[in-house]
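>>> I'd like to go over a predicted model; first the sequence, then the structure.
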Amino acid sequence: MCIRDSLWRAADQVVCPLDSVKPIDGRRGWSVERTAEYNRERFDDLVSAGWDLVICDEAHRLGGSTEQVARYRLGRGLAEAAPYLLLLSATPHQGKTDAFQRVMSVSYTHLTLPTIYSV
């Protein structure tokens, strides 16, 4: 196994900014295909690392302006990859309903909603 494959498993705890691991838009000299392959490999490596807990500070930034925003996609992928998710934010709701719903949707994989039979 090469070092790149084990980067996320090299330590018991990893702290890094989401912006340092979110998908990139491009790199000088790279084709669109090469950029897409790089992003896919990074994303797959990150979400398959076997996280026990993912903590997202500044979680209000996950909402972005659309579901296509890189932070949202990364947050969603990490949320689906870990059994536990903690979203932190000290920023009050700014009245942007769509962005707020996207932040909340990151945690939907962890919510157990009541059904008519469980009430």
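All right, it came through fine. Numbers count the residues shown, from 1 in each chain.
>>> Strands along this structure, start to end?
Using DSSP state E, the strands of the chain run over 53-56, 84-87.
>>> Same list, those, but as a markdown table with distance to Val21 please.
Every residue, glycine included, has its C-beta placed from N, CA and C. Formatted as a markdown table, the strands of the chain follow (distance: least, CB to CB, whole Å):
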| stretch | distance to Val21 |
| --- | --- |
| strand 53-56 | 12 |
| strand 84-87 | 16 |
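>>> And the ones you listed: which comes nearest Val14?
With respect to Val14, and counting by CB to CB, the nearest of the strands of the chain is strand 53-56 at 10.0 Å.
>>> pull the CA atoms of the closest one into PDB?
Extracted C-alpha coordinates of strand 53-56, given in PDB (Å, rounded to 0.1, in the frame of the first residue of the first chain):
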ATOM      1  CA  LEU A  53     -16.900  10.300  14.100                       C
ATOM      2  CA  VAL A  54     -16.900  13.300  11.800                       C
ATOM      3  CA  ILE A  55     -17.000  16.800  13.400                       C
ATOM      4  CA  CYS A  56     -17.700  19.700  11.100                       C
END
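>>> Starting from it, tell me which strands it pairs with and how they run.
Applying DSSP bridges to the sheet, strand 53-56 is found paired with strand 84-87 (parallel).
>>> Can you show me the CA trace of the strand it pairs with as CSV?
Only the C-alpha atoms of strand 84-87 are listed here, as CSV (Å, rounded to 0.1, in the frame of the first residue of the first chain):
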residue,chain,number,x,y,z
TYR,A,84,-21.6,9.6,14.0
LEU,A,85,-21.7,13.3,12.8
LEU,A,86,-21.4,16.4,14.9
LEU,A,87,-22.2,19.7,13.1
